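Novice: pasted the sequence and its predicted model underneath.
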Amino acid sequence: MKFGTKAIHAGLVPDEATGAIMTPIYQTSTYVQEEIGKHKGYVYSRSSNPTRDALEKNIAALENGKFGACFGSGIAAIDCVLKMLNPGDEVITSNDLYGGTYRLFKTIFEKYGIVFHFIDLSEIGNLNQVINSRTKLIWIETPTNPMMNIIDLKGASEIAKNHEILFAVDNTFASPYLQNPLDLGADIVMHSATKYLGGHSDIVMGVLVSKNKEIANDIYRIQNSSGAITAPMDCFLVLRGIKTLHLRMQRHCENGAKVAQFLAQHPKIEKVYWPGFESHPNHAIAKSQMRDFGGMISFSFKDNKIEDALNTVKKVKIFTLAESLGGVESLIGHPATMTHSAIPKKEREKTGIVDSLIRLSVGIEDAEDLINDLKQALK
């Protein structure tokens with residue numbers, strides 16, 4: 001079954017009671033039991049809910065996995081993975097990753113004895129310099145947020161398997177339309193379904209997918225025990241959003257390429273970060289593990305003045321100044337003061353998150369309008 005067909009049909013069946021083609025919103029907290037221990041597969045909606053089950057099966061299929069689990073946010077999904085570890089365990093992750101993930105690692109789990117190593121993973125061999133007997137998890141984003149670095153998933157998988165280390169990938173920026181980490185050797189793939197999967201900026205949700213039943217059982221145990229589940233209405237909205245994921249991603253990619261090319265030729269711009277450029281350090285890896293290059297772009301100004309960035313985000317008219325990404329509308333943000341403000345300035349700047357850096361989530365509007373909007377804002 002091809003991706004577009006899976007997006008619309010995978011894991012979904014008409015409602016048995018009515019024949020409704022759309023999955024019903026089972027807005028219930030509990031379920032009637034015929035007698036003790038005898039029920040129809042559902043007992044309490046924290047543990048399972050038919051609407052959520054349908055979404056979990058659908059997303060698992062999109063990632064070529066077998067088991068899916070939905071959470072109240074992307075951070076709640078990452079929180080679940082970290083709860084699979086024990087005090088004294090060590091995690092290796094990129095020095096360029098989402099600020100909320102960094103905050104979760106440093107301010108929540110570090111105080112419980114988990115040790116984190118933030119290193120440059122654009123050269124995957126750097127993993128070998130940090131791995132030791134206590135390393136239990138490799139956590140990777142690719143493309144990274146916000147510097148659009150590309151990390152070799154096959155290479156990371158080989159190293160993880162050689163050392164029997166759990167390997168998890170945040171696939172939010174790519175979406176399952178562009179990249180499938182499980183096929184490249186990852187044990188777990190995570191999505192902030194708030195972004196491209198939902199696609200309409202109207203829900204907050206996280207997802208974990210795996211092929212491994214033992215790992216999945218641990219995820220379900222934590223999901224049920226910690227209770228960071230998502231609501232049936234939100235699940236319905238993401239199911240609806242996924243039905244157009246392949247169409248939206250095509251347009252995000254087309255628009256992203258046009259906007260990136262425009263920015264690369266602008267006299268005020270110092271550098272544009274987008275993996276579709278042949279000049280991107282890991283363009284060849286991006287080409288080998290992604291089907292296209294997406295609609296996420298970052299860029300910085302030649303004089304690196306924060307005023308240039310702040311003036312630009314104020315002057316846009318079609319792009320909207322807001323956190324988040326992956327919706328049908330184009331968004332613009334300033335990582336240093338918004339999405340990555342939780343990371344100390346010194347650490348931010350080491351990875352390239354300078355004061356003049358702007359991040360774009362290119363939507364599905366008319367590309368000419370988006371480029372004209374940036375033209376007038378950059379004057």
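Specialist: Structure received.
Novice: how far is stretch 354-368 from where the chain is centred?
Specialist: Chain-centre distance of stretch 354-368: 17 Å, with Cα atoms, centre = their mean, to the nearest Å.
Novice: buried set for it?
Specialist: By 16 or more other Cβ atoms under 10 Å, the buried positions in stretch 354-368 come out as 354-365, 367. Placement of C-beta: from N, CA and C, glycine included.
Novice: with distance to Tyr220 added, can I get those in CSV?
Specialist: Shown next, in CSV, are these (distance: Cβ to Cβ, whole Å):
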residue, distance to Tyr220
Val354, 42
Asp355, 43
Ser356, 45
Leu357, 39
Ile358, 40
Arg359, 34
Leu360, 37
Ser361, 32
Val362, 36
Gly363, 35
Ile364, 35
Glu365, 40
Ala367, 43
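Novice: and those, which two are furthest apart?
Specialist: Greatest spacing in the buried residues of stretch 354-368, by Cβ to Cβ: Asp355 and Ile364 (29.9 Å).
Novice: I'd guessed Tyr177 sits against Leu245; true?
Specialist: Yes. The pair Tyr177 / Leu245 is scored as a contact, 5.7 Å apart, by Cβ atoms under 8 Å.
Novice: shared neighbours of these two, anything?
Specialist: By the contact definition Cβ atoms under 8 Å, 6 or more residues apart in numbering, Tyr177 and Leu245 are jointly contacted by Leu62, Tyr196.
Novice: center of the protein, which residue is that?
Specialist: Thr172 (1.8 Å; Cα atoms, centre = their mean).
Novice: contacting residues for that residue?
Specialist: Gly74, Glu141, Asn145, Met190, His191, Ser192, Lys195, Tyr196, Gly326 are the contacts of Thr172 under Cβ under 8 Å, 6+ apart.
Novice: pLDDT at the fourth one, what is it?
Specialist: What the model reports as pLDDT for Met190 is 98.
Novice: spatially nearest residue to Leu55 (excluding sequence neighbours)?
Specialist: Nearest residue to Leu55, sequence neighbours excluded (Cβ to Cβ, 6 or more residues apart in numbering): Cys235, at 4.4 Å.
Novice: the helix or strand harbouring that neighbour - what's its average pLDDT?
Specialist: Secondary structure from DSSP states H and E places Cys235 in helix 232-242. What helix 232-242 shows for mean pLDDT is 98.
Novice: and the contacts of it?
Specialist: With Cβ under 8 Å, 6+ apart, helix 232-242 has contacts from 7, 12, 22-23, 25-28, 45, 49, 51-52, 54-55, 58-59, 62, 70, 193, 197-200, 202-205.
Novice: these in helices, which ones?
Specialist: When DSSP state H is applied, the contacts of helix 232-242 are split such that Ala7, Thr51, Arg52, Ala54, Leu55, Asn58, Ile59, Leu62 fall in helices.
Novice: for the nearest residue to Met205 once chain neighbours are set aside, which residues are in contact?
Specialist: In space, and not counting its chain neighbours, Met205 is closest to Ala193: 4.0 Å by Cβ to Cβ, 6+ apart. Contact analysis of Ala193 by Cβ under 8 Å, 6+ apart lists Ile59, Cys70, Gly74, Ile203, Met205, Gly206, Val207, Val238.
Novice: helices of the stretch 101-250 of the chain, start to end?
Specialist: For the stretch 101-250 of the chain, the helices defined by DSSP state H, counting those that start in this stretch cover 153-162, 175-178, 213-226, 232-242, 245-264.
Novice: and if you look at the stretch 251-379 of the chain?
Specialist: Under the criterion DSSP H, counting those that start in this stretch, helices of the stretch 251-379 of the chain are mapped to 283-289, 306-315, 345-350, 367-378.
Novice: out of these, flag the one nearest Glu123.
Specialist: helix 283-289 (10.7 Å).
Novice: so what's Ala54 closest to, chain neighbours aside?
Specialist: Excluding its sequence neighbours, the residue lying closest to Ala54 (Cβ to Cβ, 6+ apart) is Thr23, at 4.6 Å.
Novice: ok, the one you found - how many residues close by?
Specialist: Counted with other Cβ atoms under 10 Å, residues neighbouring Thr23 total 23.
Novice: could you double-check that it lies in contact with Gly11?
Specialist: No. Thr23 is beyond contact range of Gly11, at 9.4 Å (criterion: Cβ under 8 Å).
Novice: touching both of these two, which residues are there?
Specialist: The contact sets of Thr23 and Gly11 overlap at Ala54, Leu55 (Cβ under 8 Å, 6+ apart).
Novice: just the CA trace of the helix holding Cys235, in PDB.
Specialist: Below are the C-alpha coordinates for helix 232-242, written out as PDB (Å, rounded to 0.1, in the frame of the first residue of the first chain):
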ATOM      1  CA  PRO A 232     -10.600  11.600  21.800                       C
ATOM      2  CA  MET A 233     -11.500  14.800  20.000                       C
ATOM      3  CA  ASP A 234      -7.800  15.600  19.400                       C
ATOM      4  CA  CYS A 235      -7.300  12.100  18.100                       C
ATOM      5  CA  PHE A 236     -10.200  12.700  15.700                       C
ATOM      6  CA  LEU A 237      -8.600  15.900  14.500                       C
ATOM      7  CA  VAL A 238      -5.200  14.300  13.800                       C
ATOM      8  CA  LEU A 239      -6.900  11.500  12.000                       C
ATOM      9  CA  ARG A 240      -8.600  14.000   9.800                       C
ATOM     10  CA  GLY A 241      -5.300  15.900   9.300                       C
ATOM     11  CA  ILE A 242      -3.400  12.900   8.300                       C
END
